[in-house]
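Trainee: could you look at this predicted model? Sequence included:
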Amino acid sequence: MEFQLPPYSLKMMLPELFLFGWALVVIAFDLVSGRKKESAVGYLTLAGILIAGGLLAFTGYGRGFGNMFFNDPMARFFKIIFLGAAFMAVGSSFGVLKERVRNHRGEYLGLILFSTVGMMFLASSQELLSLYIGLELTTIPLFVLAAFYKDNKLSVEAGIKYFVVGAFSSALLLYGISFLYGMAGTTDIIQMKINLAITHLTFKSIGMTLVIAVVTMLAGIGFKLGLPPFHQWVPDVYEGSPTPVAAFLSIGSKAAGLVAFAKIFVNGLSAFFGPEMLPNDWGQLVAIMAILAMVLGNTVAIWQTNIKRMLGYSSIAQAGYIMIGMVAMNVYGLSSVAYYMFAYMFANMGAFAIVTIFEDKTESTQISSYRGLSKSEPALSLILSIFLLSLAGIPPLAGFMAKYYVFAAAVEKASSPNGVTWLYWLVGVGLLTSVFSLYYYVNVIKQMYFSREDSPYKIPVSAPALAVIVICLIGVILFGIWPEPILQFAKDIPASFGFLAR
Amino acid sequence: MTENAYLIFLLPLLSFMMIVFFLRWKEKIAAGYSIITILISWMMSIWVLLETIARHGVAHEAFYKFVEFKSFSLELGILVDPLTAVMLVVVTTVGACVEIYSLGYMHGDPRFSRFYAYLSLFLFSMLGLVLANNFFMIFIFWELVGLTSYLLIGFWFEKKSAADACKKAFITTRVGDLGFLVGLMMLITYAGTLNYGELFELVGAGAIPATILTIAAIGVFCGAVGKSAQFPLHVWLPDAMEGPTPVSALIHAATMVAAGVYLVARSMTLFVGSADASMVVAIIGLTTSLLAATIAITQVDIKRILAYSTVSQLGYMIMALGLYGYDTAMGHHSPGYYAGTFHLMTHAFFKALLFLGAGSVIHAVHTNDIREMGGLLPKLKITAPTFMIASLSIAGIFPLAGFWSKDEIVAATVHHPIFYILTLAIAFMTAFYMWRLCFMVFFGKPRDQHRFEHAHESPKNMSYPLIFLAFLSVCAGWVGIPWLSHGFASFAYHGEPYHPHFSFLNAFIASAVALSGIGLAYLMYYKKSISAEKIGAMIRPLYLGSYNKWYFDEIYQFIIIDPLMSFARFMWSFDARGVDGVVNGTARLTMLWSDLKMWFDKWIVDGAVNGAGWLVTQLGNLLRLIQTGKAQSYALFMGAMIVAIGFWKYESTFVEGAWPKMTIIVAICAIVLAILGRLIPQETASPEEDK
């Protein structure tokens, strides 16, 4: 028998390959230029991300490398989110590059690019092992990035914590994957879906083995998403790590987790969604985790005095909202999740960008130091308020539309003929906790606008940071009023998961 | 261009936001920015109009569903048909003229850029109102123009009269808006949609019961009554003249008050469906017109004369539309629809010109009282001729714009003798009071020498818009010359060839009436061969009635405001007497009761509100206990939670009915272990916040 290599389809992988090469170029450039060109290397990185984005347009849909590499609408949508997150994280890093990571600029930017490459591979994988490797490639650079302020105790602690807990969760995920492989005899997700169904039909029940797989994989992916009870690292790591890295974590890492979840659970284990599949069902379990996330994230955030910690808890809560769309399991579910992530990217990256430039100037991340900022920086305060209101889901901003579509998808599922009525509870909790969330978002706005003190700070905004803020602002407002184009794009996503529009 | 017509109304919004947020302190840039945006809107409007003509008036509609419910949906969208296209051009033309004119008129005002911000907001709302494709949107913009009108009437809010006037305008129009809202509610209940096209189709198919349709149509008309200052809600418009004169020209003469007429024209299908409602419309229009014309004859404030003239002309249009609805419902042919919309357009131009001219006169002599003016013709070389052109136009003199549109209104009344006679009477009065005004202001001897000497022509940025509008006052009517093959008439009727029946007899009678009105004014106020005082003394009751605006303000004061106030005073005195007259014991009881109430408020009502907040925050406080900041405790918690979930799965499968005991036990253990992590003596850099 002659061994045949699968056909190469390098063109499909072009953006990933390019970005990987570019990361090496960035590191080399930094070394060659004697680590002197502080902003040149940053602009080089931004250019690379933009080129990769451009290349994305040429890849086309389809599959390559056997069944290892998939380009479907979901992969493309999320690759745009990953590249966008990387772009905004790098764009808001210029202040950090100038002051705090002087000797490792190339590594800092290179690691962000490597992590992005990992996410993009993850989005294109349709197979458990490559998915796992993509996830690891995403996470390992992030461990290093979290600890990037070597002489700062908080940052190092964040890195170590993230690493220890992250390694634990990765092990759990791999453990679960190995069980799946044991039962299905394949790592290809589509084939696995079929094999599991056959096994189930043949033996009437798969039994407790699948439970272990489901629970451990949920723990592994729940860690990435920051879903309780696997959320404890989130606030500590957000607080300690460099602010742009925290921003990148909150979007890139979360979106990567969502993709992994969608691929394994919504696609691979879709038959085991409902309670009739007891004990192998995962729907209610995820719903409970989402409820925990919304309640815990939104209530604990109220107590935070540090804005990065507050945004950390807010991101836990947002993960809860996103999971509502995930468990809706209908045509609207995944597209609403994609739209949510898209809207969340603008609002959250924008808020983090302003927090970053504020920190660059004042070296403070306390909410109290934002007092009276509206008097010295009216435009910046207004924009930060818009971002926070979008996060809280106030119309007509993108955050509102995102929440609306997620809830609508769940209600649609719940009210369908063989409806899953407990989704109503999920939506109810979502609506109630949205009210809680106003408390801490508006608190920041209150500090900025209704404090009698005058802020002593005048915040300089560098050109890339300004670009990031403006892009985010446009995104938050434009896609709140006119969500159609994004929705049109997102509407194609569920098809490759087997949800067809009626 | 028509596909992008929404830009026409979004541009002024952009200008409003730019001025409010960024350009507040840069007056010149703010005004320039605002003018440039409205000029762009103006050019786009003309483009849209040309495209609509090229499409032979076929409507263009674009919308998306904003909110969808099971039974109905709310849309955001635009509809461009001939009516809209014409209104767009009218609004942007007058708007651009007024914005340029205001450069001179508002020069030096401390709130200069705010004025431009308000103007931009108004133009946004008005253009949105015109472009809307459903009643839901039109209602929103309806309220928005009301708001901006309120803000602009009260622009000089330090003046008590201005502050009162803006309140009066706002509250009076709100009475009409209530009726409008009721009408819309009925429509949405019975038709299930507010989209013009769908709704009118349903009405045309007879899907709505006749009685309901009549009530709904009258409800919608109520909105028009308020906004277009029709009887009996006409009292706010003359008072609204307290606002800056450019505002009067733009909002209270040319555009916003015409919104009522626009609304009636837009929902004409409703009125065609109900002859009764149409008759109500026609009668209200006629009454208003007559009433306002008789008042205008004796007024002495130049802006108030114009205000009553506006009310009267709006009544004209409303009457024509009402008669169209009635005649069509009865199966007759009528030019009323075309007459009303045509007059709406021409009136906007010459009335805006009159107001801007009046502003220029006031600017020159610093008074509103025409008894203190006189002989200003040589001093105001541009203002006076343009003002007189507009006066000729409104009087309906051939071949000016007003002649053509007024002629059609007269033609619309031919089959209704009472309407016909009264319409001619109003035309006579219009010519008379306009030329009374002209003769008193521009001719004769100066009555106040001091003011006369200081009078001067306005700066160029004020006089150029006058010239432009004068051009339109002359020519705008020519698009509607009856024997044009594709004139305004066939355009208004959506491209169907329509030729108004031009009757030379009618035209002759109307012209004769107008000329005799001017002649009478000439004899009384120029030649002085007929003494105005003598006639005034001869019909003194009538004169007093007209001079005092038929006592409407007093009547409303007497039957609405006074009873309300005395009721309030009665309640107050009842309270006072109750407390005064009753002995201490009762007082103490009251105190006790109020104490009890306070206790209830404080502990039960506030308690419930605060309690909910407290509960949420305390929940957060409790939940953050597990955040120990120690990595090993985190890992432990994760592991324990996985075990707990595993147990839950196990128990929910094999242990039926009972509580999942092991799950709860393990979960509690996990939480306790996590919290115990706080005791681990360990140096940590995390701040104390969550630990």
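Mentor: Cool, the structure landed. Keep in mind it's a predicted model, so treat the numbers as computed, not measured.
Trainee: going forward, measure contacts and count neighbours with C-alpha atoms only.
Mentor: Fine.
Trainee: residues from the stretch 251-400 of chain A in reach of chain B?
Mentor: Contacts of the stretch 251-400 of chain A with chain B, taken as CA under 8 Å from any CA of the partner chain, map to A:278-280, A:296, A:298-305.
Trainee: let's see 10 Å
Mentor: Applying CA under 10 Å from any CA of the partner chain, we find that the stretch 251-400 of chain A lies next to chain B at A:278-282, A:285, A:295-306, A:309, A:378-379, A:382.
Trainee: give me the low-pLDDT residue ranges for chain B?
Mentor: Counting by pLDDT under 70, chain B contains low-confidence ranges at B:66-72, B:483-487, B:489-490, B:492-502, B:574-585, B:587, B:657-658, B:680-691.
Trainee: which single residue of it ends up nearest chain A?
Mentor: Nearest to chain A, among the residues of chain B, is B:Gly620, at 4.1 Å (CA to the nearest CA).
Trainee: quick one on the thing from earlier: and the buried ones among the residues of the stretch 251-400 of chain A next to chain B, selectable in PyMOL?
Mentor: A single PyMOL command suffices to select whichever of these are buried according to 16 or more other CA atoms under 10 Å in any protein chain shown:
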select buried, chain A and resi 278+279+280+281+282+285+295+296+297+298+299+300+301+302+303+304+305+306+309+378+382
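Trainee: among the residues of the stretch 251-400 of chain A next to chain B, name the ones in strands.
Mentor: Under the assignment DSSP state E, those contribute nothing to strands.
Trainee: what's near enough to touch B:Phe157?
Mentor: Residues near B:Phe157 by CA atoms under 10 Å, 6 or more residues apart in numbering or on different chains: B:151, B:163-166, B:242-243.
Trainee: mind doing that once more with 7 Å?
Mentor: By CA atoms under 7 Å, 6 or more residues apart in numbering or on different chains, B:Phe157 lies in contact with B:Ala163.
Trainee: pretty sure B:Lys65 sits in a strand.
Mentor: Yes - in this structure, B:Lys65 lies within a strand as judged by DSSP: H, G, I helix; E, B strand; the rest coil.
Trainee: excluding its backbone neighbours, what's nearest it?
Mentor: B:Glu75 (4.4 Å; CA to CA, 6 or more residues apart in numbering or on different chains).
Trainee: for my notes, confirm the one you found occurs in a helix.
Mentor: No - if the criterion is three-state DSSP, then B:Glu75 is strand and not within a helix.
Trainee: wait, B:Leu377 sits on B:Phe443?
Mentor: Yes - under the criterion of CA atoms under 7 Å, B:Leu377 makes contact with B:Phe443 at 6.4 Å.
Trainee: what about B:Lys26? Give its phi and psi, please.
Mentor: Phi and psi for B:Lys26, reported as degrees, to the nearest 10, are phi -110, psi 80.
Trainee: measure it to B:His107 for me?
Mentor: 14 Å (CA to CA, to the nearest Å).
Trainee: and B:Val441, by the same measure?
Mentor: Taken as CA to CA, the span from B:Val441 to B:His107 is 25 Å.
Trainee: the more surrounded of those two?
Mentor: A side-by-side neighbour count of B:Val441 and B:His107, using other CA atoms under 10 Å in any protein chain shown, places B:Val441 first with 25 against 11.
Trainee: how near is the more buried one to B:Leu376?
Mentor: If you measure B:Val441 against B:Leu376 using CA to CA, the figure is 6 Å.
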